[in-house]
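**Student:** Quick check, what structure comes out for this input:
(one chain, ligands or ions: 2)
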Amino acid sequence: MAILDILIYPDPRLHKVAAPVKEVNDEIRQLVRDMAETMYDAPGIGLAATQVDVHKQIIVMDLSEDKNELRVFINPKILSKCGTQQYEEGCLSVPGVYDTVTRAATVTVEALDEHGTPFTLEAEGLLAVCIQHEIDHLLGKVFVEYLSSLKQNRIKNKFKKRQRERA
Ligand code: K1U
Ligand code: ZN
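**Tutor:** Numbering: from 1, shown residues only. Ligands and ions are numbered 1, 2, ... in the order given. So this is what the prediction gives:
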């Protein structure tokens with residue numbers, strides 16, 4: 001297994017749109033394992049392939065306290081959304097930034113698991129938030145894009161400055 005590098009905002013590669021996985025094979029399963037290890041190491045509760053510069057529709061997630069309930073979503077599609085909820089979100093690609101985002105309260109999502117088996121899931125609460133946040137990553141969207149342009153510019157400038165200082 002391997003810990004992969006996570007792209008940091010405002011890296012333009014975070015805006016690439018991920019392609020569907022054609023076949024869930026051993027190569028994809030290895031990537032899923034590496035993404036899970038990267039998420040647990042960060043630590044985070046979710047990770048989209050986009051964040052590790054792989055532009056395929058793959059998400060890993062684990063919201064359990066003991067970090068032993070890995071969920072894998074390949075080619076996820078939201079079938080329906082209902083209501084609204086607000087949650088203070090974070091993102092491994094925007095470390096240290098937390099802000100409130102309004103999203104659907106419940107979502108029904110269909111996807112393939114790591115064996116290529118289709119499943120449908122009805123989610124609410126944090127699971128619904130996380131699914132929407134990660135699917136946004138696959139569409140090239142980072143959660144800060146829900147914030148005001150003033151906040152987005154402040155965050156962008158902070159991370160660009162940090163990047164310059166590290167170079
Ligand atoms: O997509 C990501 O960058 C992962 C992100 C998922 C997420 C969190 C909160 C709301 C929406 C989506 C994170 O995991 S940020 C880190 C985090 O939330 C966390 C880290 C350690 C323990 C518990 C939570
Ligand atoms: Zn994120």
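**Student:** By proximity to ligand 1, which residue of this structure wins?
**Tutor:** Ligand 1 sits closest to residue 44 of the chain, with a gap of 2.9 Å, by C-beta to the nearest ligand atom. Yep, even glycine has a C-beta here, placed from its N, CA and C like the rest.
**Student:** My read is that residue 116 contacts residue 24, right?
**Tutor:** Yes: counting by C-beta atoms under 8 Å, residue 116 touches residue 24, with 3.5 Å between them.
**Student:** Comparing these two, which residue is more hemmed in?
**Tutor:** Neighbour count, other C-beta atoms under 10 Å: between residue 116 and residue 24, residue 24 has more, with 19 against 14.
**Student:** right, and that one touches residue 114 too?
**Tutor:** Yes: Residue 24 lies in contact with residue 114 (C-beta under 8 Å); the separation is 6.8 Å.
**Student:** Overlap in contacts, residue 116 and residue 24.
**Tutor:** Residues touching both residue 116 and residue 24 (C-beta atoms under 8 Å, 6 or more residues apart in numbering): residue 74.
**Student:** intersection of neighbour lists for residue 24 and residue 114?
**Tutor:** Common neighbours of residue 24 and residue 114 (C-beta under 8 Å, 6+ apart) are residue 74.
**Student:** Count the residues that sit near residue 34.
**Tutor:** A count of neighbours around residue 34, defined by other C-beta under 10 Å, yields 17.
**Student:** contacting residues around it?
**Tutor:** When contacts are counted by C-beta under 8 Å, 6+ apart, residue 34 touches 1-4, 52.
**Student:** Could you check how far it is from residue 78?
**Tutor:** Separation of residue 34 from residue 78 (C-beta to C-beta, to the nearest Å) stands at 26 Å.
**Student:** One more: residue 47?
**Tutor:** As judged by C-beta to C-beta, residue 47 and residue 78 stand 18 Å apart.
**Student:** more crowded one of these two?
**Tutor:** residue 47 (26 against 16).
**Student:** sorry, back to before: so which of the contacts of residue 34 wins on neighbours?
**Tutor:** Top of these by neighbour count (other C-beta under 10 Å): residue 52, with 22 neighbours.
**Student:** Quick check: the gap between that one and residue 134.
**Tutor:** Distance, residue 52 to residue 134, by C-beta to C-beta: 12 Å.
**Student:** Is stretch 75-85 positioned near ligand 1?
**Tutor:** No: applying C-beta under 6 Å from any ligand atom, one finds stretch 75-85 separated from ligand 1 by no less than 11.3 Å.
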